[in-house]
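Visitor: fold the following.
(3 chains)
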Amino acid sequence: MTPADRLYTKTHEWLKIEGETALIGITDHAQEALGDITFVERPPVGRKVEKGKAFGSIESVKAASDLFAPVSGEVVQTNAELEKTPGLINEDPYGRGWIIRVKGIEADELASLLDAAAYEEGLTEES
Amino acid sequence: MSYVPVTPEQRARMLAACGVRSIADLFRDIPSDSAPRSFDIPRARSEMETSAFFRELASRNYSHLTNFLGGGFYDHFIPAAVDAIVSRSEFYTSYTPYQPELSQGTLQAIYEYQTQIARLTGMQAANASVYDGGTALYEACQMALHATGRNRVVMDGGVNPIYRKMLVSYTANLSIEFAEIPVSHGRTDRQRLFDALNAGTAAVILQNPNFFGVIDNHADVVEHCHSRGILVIQSVYPIAMALLKPPGEIGVDIATGEGQSLGIPLAFGGPYLGFMATTRELIRRLPGRIVGRTVDRHGREAFVLTLQAREQHIRREKATSNICTNEALCALRAHVYLSLMGKEGLKEVARLCRAKTAYAMERFRAIRGVRVMESSPVFNEFVVHLPMDAGDAAGMLVERGVAPGLPLGRFYPGMENYLMIAVTEKRTKFEIGMLAESVESVICQ
Amino acid sequence: MSVIFEKSVSGRRGVRLPASDVPDPPPIPAECRRGSDAELCELSEADVVRHFTWLSRRNYGVDTGFYPLGSCTMKYNPKVLEEIARLEGFASLHPFLPQLRHGGMLVQGALQVLYELEQLLCEITGMKAFTLQPLAGAHGELTGMMLVAAYHRDRGRRKTEVIIPDEAHGTNPASAAIAGFRTVSVPTEPATGMLDIAVLEKRMNDGTAAIMLTNPNTLGIFNTRIRDVVEIAHRHGALVYYDGANLNAVLGKFRPGDAGIDVMHVNLHKTFGTPHGGGGPGAGPVGVSEDLAPYLPISRVVKRSDNTYALNYDCPKSIGYIAPFYANFLVCLKAYAYIMLLGREGLIEASETAVLNANYLMNALREDYELPFDRVCMHEFVLSARKQAEHGVKALDIAKALIDEGFHPPTVYFPLIVRESLMIEPTETESMETLDAFVAAMKKIARKAAEDPKSILDAPLSTPVSRPDEVRAAREMDVVYP
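Guide: This is a model prediction of the structure:
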């Protein structure tokens, strides 16, 4: 079940607004496709991310993918637990498997993101 | 000679099983206008004829000359057990170890080789090999450029001139800036080097011992570079690492080098062995294969190719490098050599090289008209100034059965009278004496 | 099996050297000295030999058995090649000898090897000139891309893209990217298994520097419209790069140079019988058209009017040095000997038999496994384990089950465009009996997949290790013995 409390990209990232900041992670579909995750390359705090551009990457034994920013902003926090336990993304992609937190989001960038229903529809089209 | 086992009778049965009448039917996808315009290859020869042909060709090469050539590639002693072990066809007829269950031999050997290189260089991780010391330097540059996001590299003039040319060639289509800093009295010119660094510099490349055989302690260079966010790459001579301060002890970020000296024949230029070692921070940027130790489903120790997500077969155009086939069998040779020589043996090789080089320098000091360049200490290679063109002198010395050293004019314009002489543990006191006497008589002519 | 460092005993010595016959040298300056010894192992020679003998017995090579890895061409490596490479006249030759005055005369045998191999490769491929400097196939691809870049730069043209079919080997896009190009993918037609020419036309533009092709492609299918591809590329001012990894399929039947290919590489460790070494050394010589010849790496081997050989360094348009010396010389030496042994008739026989063996296997396996492209194949073909996957048995499991049957598995999960792919290349040096035994094993596995899939998921059971934990290896990164 795709959580309704957040927005999604076609490239399988999610964005959850929490007051002045937003959390970013990848979806359950993405973690399943990647398999057991072995490493996450996170940007440093303070780095500016740009909507649609890669802000990091994620690796499993058989695949590697870039992570694309759903919105532009500035990184204020990254999930340090992923250093020791990258598998958190597999276990709990929408909760403890969050990747970065950003601030300075523009509201008009949210319009082009998908809601849970639209994201799920996109998944069924893909397969 | 043919290695095809299928008999005419079997061929007929197989064609029938394929539902075709002749071999030509299997090639019908090739348009007739694409048939070869010619295929004038000589007729097949037997193994006996081929063997004889190559023995004759080999005899036309002057491999018997007493060898004082160096420049990064040395005539070292190779124990017989190296060939014996590496000739086992389970090693040399196997492929890249993609199926770990069938390749624990290769995989464990590579893991052990990685450990040998890491220990020798004092670094924390190493890869399974790249083509040679020059490519290793190029790959190290790429690591530094990507890690820092900058686009400029500063090279010490003491780095092998061929490697420096390779770096420039490889990057011709990319927007990377190179600066070269000439050595001063054979050593790294700190002041000029530091002055050449700027905010766009990703890395500095050093070599120890350098191309002229000069040894140095680059700790001060590393410290200065790190204070400016610049990475340091050092290319090293593995035999010397038995006695000299290794890159890991002075904080170098990426260590590279040519492994030919570790049990690999000179072989007119290849195959050779590029080794690379780095810090834990940079390990994910290392190109090439890396073997890791793990357990299998029954808890038994097992080895596998790891961190493959960086490699070309997964990352494709985003891969850290395009390397696929590397120099695995040469890495095996190096590992076997290091295992046979061992901790004490390698130190002994290094000591003998230094001792014989020092003796050669003493003999050359006594030759009138020859100047030994010794403003800086050397390891197993030294430069002399002759009162004539070094290339001409070398040509005459070849007639006396000795390859006396490398005339430097080819690589350093203006140095036509300089000859660089390398002395390894294989050279005897007698051979060194003969070299000195021959040089003396040649320059007196 | 312990790691060699665990067998080390302090004070034990291996190989010893003669005592020094010269005085001790002055000490190394203190600041240059190593702080503490490198902890290399300490074993006797017998210990070392036993350790590596033991390791070798945990390895499988072509000399052990069938090795049908697609696009790798694991053919038998003639032993005489090893003997030739050990001849002292080649093995002891220092690469700097030609740098001495008249040094070329000191290495005539070696220069002849290089020159003659280049000539033979030209005749085999139809290209006009070759460089032996590239030290592996991927290195050849990079060199080829650098030549393409130099060619366009020299003509003042700004070309930034390279077109690559989606079934291409990963080194193709990697090499193009490293040479500074952007890669554009073109799909393969599901119906024919060939490059989609309509899409190719659309994606070609004035910014296309080159297209990289493998023919036959990684599906084992020969592109009958290769001349059209070349024409389209040339019309847009783009060059055509040919990945020669699959040359074993077409020796004496097709020459890329005749079809208008501008630049290509060959893999000596595939088509020309030199051993794979567990991952190298290989060699990837690059052949070019007349137009690209001026850009070839320095130096070039030439034959003078008095029939002696020399090295020419006067190459003003050359891309420079892509290797320290002339070639992976011993690998080239073996390839030259191989071509001499096989000769014209042997090269043709090799391709014909490679293709026959592949079709024979394909026909024998088509009932039990899905055949995505039901047509005559070349030296290799691709099966899909889709039917078996319905029972929970994937291509990987079939590979592991084959190990228990005594065979090295084929390539799995490549090319990427076929799901659960198994890419099989038998080569010409395998006997009919071996092929039949392989078919029997594959049929047995297919039966078990349908009747008792669980038994396959536990494979392999006969090897010292089984299904190593790759996730743990990547997460823990134990790559150096502590």
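Visitor: what sits against the residue nearest the centre of chain A?
Guide: Geometric centre of chain A, nearest residue: A:Gly25, 2.5 Å, by Cα atoms, centre = their mean. Contacts for A:Gly25 (Cβ atoms under 8 Å, 6 or more residues apart in numbering or on different chains) come out as A:Glu13, A:Trp14, A:Lys16, A:Ile89, A:Pro93, A:Tyr94, A:Gly97, A:Trp98, A:Ile99. Where you see a C-beta, it was placed from the backbone N, CA and C, and this is true even at glycine.
Visitor: most neighbours among those, which one is it?
Guide: Counting neighbours by other Cβ atoms under 10 Å in any protein chain shown, the top entry in the contacts of A:Gly25 is A:Trp14, with 28 neighbours.
Visitor: which ones are touching it?
Guide: A:Pro3, A:Arg6, A:Leu7, A:Tyr8, A:Ile24, A:Gly25, A:Ile26, A:Thr27, A:Pro70, A:Tyr94 are the contacts of A:Trp14 under Cβ under 8 Å, 6+ apart.
Visitor: neighbours around the first one, how many?
Guide: If I follow you right, that is A:Pro3. Neighbours of A:Pro3 (other Cβ under 10 Å): 14.
Visitor: return the residues of the stretch 301-450 of chain C in contact with chain A.
Guide: Contacts of the stretch 301-450 of chain C with chain A, taken as Cβ under 8 Å from any Cβ of the partner chain, map to C:Tyr413.
Visitor: did I read that right, C:Val382 in a helix?
Guide: No: assigned with DSSP: H, G, I helix; E, B strand; the rest coil, C:Val382 falls outside any helix and is strand.
Visitor: for A:Ile100, see how far away it is.
Guide: 40 Å (Cβ to Cβ, to the nearest Å).
Visitor: how many residues are close by B:Gly369?
Guide: Each residue near B:Gly369 was counted by other Cβ under 10 Å, and the total is 12.
Visitor: what pLDDT does the model give the residue lying closest to C:Val62 once chain neighbours are set aside?
Guide: Distance criterion Cβ to Cβ, 6 or more residues apart in numbering or on different chains; nearest residue to C:Val62, sequence neighbours excluded, is B:Thr93 at 4.2 Å. Looking at B:Thr93, its pLDDT is 96.
Visitor: still on that earlier bit, the residue nearest to the centre of chain A - that's part of a strand, no?
Guide: Yes: assessed by three-state DSSP, A:Gly25 belongs to a strand.
Visitor: now it. Nearest residue, chain neighbours left out?
Guide: Nearest residue to A:Gly25 in three dimensions, chain neighbours excluded: A:Trp98, at 4.6 Å (Cβ to Cβ, 6+ apart).
Visitor: one more: C:Ser421?
Guide: Distances taken as Cβ to Cβ, 6+ apart put C:Val382 closest to C:Ser421, at 5.3 Å, once the chain neighbours are dropped.
Visitor: beta partners of the residue most central in space within chain B?
Guide: Nearest to the geometric centre of chain B sits B:Glu258, at 2.9 Å (Cα atoms, centre = their mean). B:Glu258 has these beta-bridge partners by DSSP bridges: B:Gly274.
Visitor: in chain A, what residue comes closest to chain C?
Guide: Chain A approaches chain C most closely through A:Thr38 (3.6 Å), counting by Cβ to the nearest Cβ.
Visitor: around that residue, how many other residues sit close by?
Guide: The tally of other residues near A:Thr38 (other Cβ under 10 Å) stands at 25.
Visitor: wouldn't it be in contact with B:Ala309 here?
Guide: Yes: using Cβ atoms under 8 Å, A:Thr38 is in contact with B:Ala309, at 7.3 Å.
Visitor: overlap in contacts of these two?
Guide: Residues touching both A:Thr38 and B:Ala309 (Cβ under 8 Å, 6+ apart): A:Glu59, A:Ser60, A:Val61, C:Ala474.
Visitor: who's more crowded, C:Val382 and A:Ile100?
Guide: C:Val382 (28 against 25).
Visitor: now do the contacts for that one.
Guide: Here C:Val382 is in contact with C:Gly70, C:Thr218, C:Leu219, C:Gly220, C:Pro372, C:Phe373, C:Pro415, C:Val418, C:Ser421, C:Leu422, C:Met423, C:Ile424 (criterion: Cβ under 8 Å, 6+ apart).
Visitor: which strand residues bridge it?
Guide: Counting by DSSP bridges, the residues bridging with C:Val382 are C:Met423.
Visitor: look up how far chain A lies from it.
Guide: Using Cβ to the nearest Cβ, to the nearest Å, C:Val382 is found at 19 Å from chain A.
Visitor: got it, and C:Glu345?
Guide: Plainly put, C:Glu345 is 44 Å away from chain A if you go by Cβ to the nearest Cβ.
Visitor: for that residue, the count of nearby residues, please.
Guide: Residues contacting C:Glu345 under the criterion other Cβ under 10 Å number 13.
Visitor: show the pLDDT at it.
Guide: 97.
Visitor: doesn't it belong to a helix?
Guide: Yes: counting by three-state DSSP, C:Glu345 is located in a helix.
Visitor: that one is in contact with B:Phe39, isn't it?
Guide: No: C:Glu345 lies out of contact with B:Phe39 (Cβ under 8 Å); the separation is 10.4 Å.
Visitor: can you name the residue of the stretch 51-200 of chain C nearest to chain B?
Guide: When scored by Cβ to the nearest Cβ, the stretch 51-200 of chain C has C:Gly89 as its residue closest to chain B, at 2.8 Å.
Visitor: which non-adjacent residue is nearest that residue?
Guide: Per Cβ to Cβ, 6+ apart, closest to C:Gly89 is B:Ala58, 2.8 Å.
Visitor: pLDDT on whatever helix or strand the one you found lives in, on average?
Guide: Taking DSSP states H and E as the definition, one finds B:Ala58 inside helix B:47-59. Mean pLDDT, computed over helix B:47-59, is 98.
Visitor: so which other helices or strands are in contact with that helix?
Guide: Identification of packing neighbours for helix B:47-59 by 3 or more Cβ pairs under 8 Å, 6 or more residues apart in numbering or on different chains; DSSP states H and E yields helix C:79-85, helix C:88-91, helix C:108-125, helix C:329-365.
Visitor: at 6 Å instead, please
Guide: With contacts taken as 3 or more Cβ pairs under 6 Å, 6 or more residues apart in numbering or on different chains; DSSP states H and E, helix B:47-59 sits against helix C:88-91, helix C:329-365.
Visitor: how about that helix as PDB, C-alpha atoms only?
Guide: Extracted in PDB, the C-alpha atoms of helix B:47-59 (Å, rounded to 0.1, in the frame of the first residue of the first chain):
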ATOM      1  CA  GLU B  47      52.900 -27.500 -34.300                       C
ATOM      2  CA  MET B  48      56.400 -28.700 -35.200                       C
ATOM      3  CA  GLU B  49      56.800 -26.200 -38.000                       C
ATOM      4  CA  THR B  50      55.300 -23.400 -35.900                       C
ATOM      5  CA  SER B  51      57.600 -24.100 -33.000                       C
ATOM      6  CA  ALA B  52      60.600 -24.100 -35.200                       C
ATOM      7  CA  PHE B  53      59.600 -20.800 -36.800                       C
ATOM      8  CA  PHE B  54      59.200 -19.000 -33.500                       C
ATOM      9  CA  ARG B  55      62.400 -20.400 -32.000                       C
ATOM     10  CA  GLU B  56      64.200 -18.900 -35.000                       C
ATOM     11  CA  LEU B  57      62.500 -15.600 -34.600                       C
ATOM     12  CA  ALA B  58      63.300 -15.500 -30.900                       C
ATOM     13  CA  SER B  59      67.000 -16.100 -31.600                       C
END
